[in-house]
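Q: Provide a 3D model corresponding to the input given below.
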Amino acid sequence: MGVLDLPIADIASKVQSGELGAKNLVQEALNNLEAAAEYDAVISYLKERALERAEDIDSRIVRGEKIGSLAGVPFVAKDNFLTLEGKTTAASNMLKDFEAPYQATAIERLEAAGAICVAKANLDAWAHGSSTENSDFFVTKNPHDKTRVPGGSSGGSAVVVALKAVPFAIGTDTGGSIRLPAAFCGVVGYKPTYGLVSRSGVVAMASSTDVIGPLARTVDDTAIVLEVMAGKDELDSTTIESDAKGYRLSANGYRLNNVRIGIIREYMSQGLEPGVRQSVEAAIEKMRAAGGEIREVSLPSLPLALAVYYIVCPAEVSSNLARYDGQRYGLSTTEAKNLEDSYFLSREAGFGAEAKRRIMIGAYVLSSGYYEAYYKKAQTVRTKIINDFKTAFEQFDFLIGPTAPNVAFKIGERTADPLQMYLSDIMTVAANISGNPAISLPVDRHDELPVGLQIIAPQRADRNLLSISKAFEALK
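A: Next up is the predicted model:
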């Protein structure tokens with residue numbers, strides 16, 4: 001087992017004690033990533049700054065300084081997080097030369113705890129997608145089968161964790177973009193309660209559903225990273241206070257005894273691959289055998305969640321992407337003859353097909369003739385979905401179901417059919433619409449590919465969600 005295979009707490013402890021050097025860990029992570037270049041998971045490396053930070057940490061430890069809970073731990077950030085070294089591209093031609101003037105709050109907090117960002121991961125451009133095939137640069141490949149997708153949009157982040165190149169990575173989850181690649185790649189993917197982690201310094205997709213979270217190999221590692229990133233931020237007015245107890249878990253974790261767990265009926269119905277169903281049902285039986293009180297529950301509005309998401313999300317996308325006009329920053333054409341030409345040509349060259357599709361849908365549902373018929377109605381149904389979750393949590397502590405209806409599909413299999421691609425998110429979007437925390441845990445394999453189990457908790461019950469996830473992880 002390599003040093004970077006160790007639990008994050010052990011790595012940080014060994015760095016703090018001087019048993020391991022931060023610079024050696026960074027170099028090992030960079031070597032691992034370069035060795036895995038065939039998977040096309042990384043857009044750029046932050047080698048110079050990473051090595052400088054590692055040398056500084058090693059020097060401070062020699063002087064007897066206390067670093068933090070992530071001392072010397074290398075990680076990878078999805079390339080929609082602003083970083084001081086290198087470019088922040090959001091995997092889009094529009095931002096291919098953009099250098100950020102400041103760092104994302106999440107990156108700042110991880111660095112303050114001693115973590116070191118070594119690279120930026122590939123994603124669907126602007127985080128628009130479920131497969132990481134929409135990157136304007138290259139398609140990332142699944143770590144278990146290079147002919148298949150890794151899920152998206154945080155596909156690159158999931159792949160580097162699954163390949164054990166780094167102990168953890170961070171991504172964004174707007175409609176399942178952390179949990180879906182976690183399920184397809186066989187790692188833990190965590191979507192916190194909306195607002196628990198600051199979105200400051202992260203390229204916006206849909207501001208009312210965007211969430212920042214970690215991808216890691218274990219629940220313990222996930223909890224340590226979340227604890228560092230969580231909490232209020234004056235640069236993001238939507239942030240909330242973190243749990244006073246923190247998120248790191250005790251040695252005993254959390255027991256399944258008498259925990260009320262609801263199996264979401266709508267997620268176990270038609271459209272579910274038989275192999276995925278079998279894997280999830282086997283996981284549920286393990287929870288039942290461990291003392292969980294498990295029964296079925298229906299959330300009647302869930303079948304409408306995908307439709308709501310693909311009205312609300314493009315509407316916010318169209319607004320957030322309006323700033324990329326070729327005038328202030330980002331791609332600016334030199335061929336324009338006037339201002340109107342500059343707007344048109346810059347956006348034509350800078351945006352890919354999926355970005356254009358979402359801009360057009362968003363502009364349409366927000367237009368004066370269709371606002372009430374689509375956007376306003378979608379927001380009404382969104383409230384119904386939120387209320388359905390609240391009602392369910394009056395009876396249950398947690399809700400469970402598959403993360404995705406299928407295992408990772410073939411590269412190119414759905415690119416010609418946007419509706420089929422959007423259906424990949426059918427089991428993840430509801431938690432974003434409602435703001436509830438959710439996690440994807442690897443539970444089994446079907447056709448040699450990972451299957452993910454999704455657990456959803458009430459808003460702000462992130463510590464409890466991590467605890468029950470750790471208890472489930474211990475059952476395997």
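
Q: so where do the helices sit in the stretch 101-250 of the chain?
A: For the stretch 101-250 of the chain, the helices defined by DSSP state H, counting those that start in this stretch occupy 105-112, 155-162, 179-185, 219-229.

Q: what's the closest non-adjacent residue to the residue most central in space within the chain?
A: The centroid of the chain falls nearest to residue 178 when counting by C-alpha atoms, centre = their mean (2.6 Å). Spatial nearest neighbour of residue 178, excluding adjacent residues (C-beta to C-beta, 6 or more residues apart in numbering): residue 189 at 4.3 Å. C-beta coordinates here come from the backbone N, C-alpha and C atoms, glycine included.

Q: same deal with residue 164?
A: In space, residue 164 is closest to residue 5, 5.7 Å off (C-beta to C-beta, 6+ apart).

Q: pretty sure the one you found sits against residue 163.
A: No - applying C-beta atoms under 8 Å, one finds residue 5 not in contact with residue 163, separated by 11.1 Å.

Q: for the residue nearest to residue 178, which residues count as its bridge partners?
A: Counting by DSSP bridges, residue 189 is bridged to residue 215, residue 440.

Q: pull the number of nearby residues for it.
A: A count of nearby residues for residue 189, using other C-beta atoms under 10 Å, gives 36.

Q: does it really touch residue 172, like I thought?
A: No - counting by C-beta under 8 Å, residue 172 is not a contact partner of residue 189; they are 11.3 Å apart.

Q: now for the two: what residues contact both?
A: 154, 178, 213 (C-beta atoms under 8 Å, 6 or more residues apart in numbering).

Q: and of those, the nearest to residue 280?
A: residue 178 (18.9 Å; C-beta to C-beta).

Q: for that closest one, give me its contacts.
A: Counting by C-beta under 8 Å, 6+ apart, residue 178 has contacts 154, 157, 158, 171, 172, 189, 190, 191, 211, 213, 215, 440.

Q: if I look at the spatially closest residue to the first one that is not a sequence neighbour, what pLDDT would I see?
A: Using C-beta to C-beta, 6+ apart and skipping residues adjacent in sequence, the residue nearest residue 154 is residue 171, 3.0 Å away. Looking at residue 171, its pLDDT reads 98.

Q: report the buried residues of stretch 54-64.
A: 54, 57, 58, 61 (16 or more other C-beta atoms under 10 Å).

Q: which one among those residues gets closest to residue 39?
A: After measuring the buried residues of stretch 54-64 against residue 39 - C-beta to C-beta - the closest member comes out as residue 54, at 24.4 Å.

Q: verify the stated contact: the closest one with residue 30.
A: No - between residue 54 and residue 30 there is no contact under C-beta under 8 Å: 10.4 Å.

Q: still on that earlier bit, among the helices of the stretch 101-250 of the chain, which is nearest residue 203?
A: Nearest of those (C-beta to C-beta): helix 105-112, 12.5 Å.

Q: any idea what residue 452 is bridged to?
A: Going by DSSP bridges, residue 452 forms beta bridges with residue 442.

Q: list the contacts of it.
A: 179, 182-184, 186, 189, 402-404, 440-443.

Q: export these to TSV and append columns for pLDDT and distance to residue 112.
A: Listed next are the contacts of residue 452 as TSV, based on pLDDT from 0 to 100; distance: C-beta to C-beta, whole Å:
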residue	pLDDT	distance to residue 112
179	98	27
182	98	26
183	98	31
184	98	32
186	98	30
189	98	24
402	98	37
403	98	31
404	97	35
440	98	28
441	98	29
442	98	30
443	96	34
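
Q: are any of these buried, and which?
A: 179, 182-184, 186, 189, 402-404, 440-443.

Q: any low-confidence regions in this protein?
A: 1, 251-253, 476 (pLDDT under 70).

Q: switch the cut-off to 50
A: Counting by pLDDT under 50, the chain contains no low-confidence range.

Q: show me where it has strands.
A: 42-45, 74-78, 116-121, 168-173, 188-191, 211-216, 260-264, 293-297, 398-402, 438-446, 449-456 (DSSP state E).

Q: and among the ones you listed, the most buried is which?
A: strand 188-191 (a mean of 32; mean count of other C-beta atoms under 10 Å).

Q: more neighbours: which of residue 5 and residue 163?
A: The residue with more neighbours, out of residue 5 and residue 163, is residue 163; 18 against 11, by other C-beta under 10 Å.

Q: that one touches residue 141, doesn't it?
A: No - counting by C-beta under 8 Å, residue 163 sits too far from residue 141 to count as a contact (10.6 Å).

Q: got the contact list for residue 141?
A: Contacts of residue 141 (C-beta under 8 Å, 6+ apart): 38, 39, 40, 41, 147, 148, 149, 150, 159, 411.

Q: select only the buried ones of those residues in PyMOL?
A: Listed next is the PyMOL selection for buried residues among these, using 16+ other C-beta under 10 Å:
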select buried, resi 39+40+41+148+149+150+159+411
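
Q: still on that earlier bit, can you say which of the helices of the stretch 101-250 of the chain is nearest to residue 121?
A: Residue 121 lies closest to helix 155-162 among those, at 3.1 Å (C-beta to C-beta).

Q: quick one: the longest helix anywhere in the chain to strand 293-297, angle?
A: For the chain, the helix that runs over the most residues, judged by DSSP state H, is helix 377-395. Put simply, helix 377-395 runs at 150 degrees to strand 293-297, going by axes from the mean of the first three to the mean of the last three C-alpha atoms, to 10 degrees.

Q: quick check: buried residues in helix 377-395?
A: With the criterion 16+ other C-beta under 10 Å, helix 377-395 contains buried residues 378, 381, 382, 385, 386, 388, 389, 392, 393.
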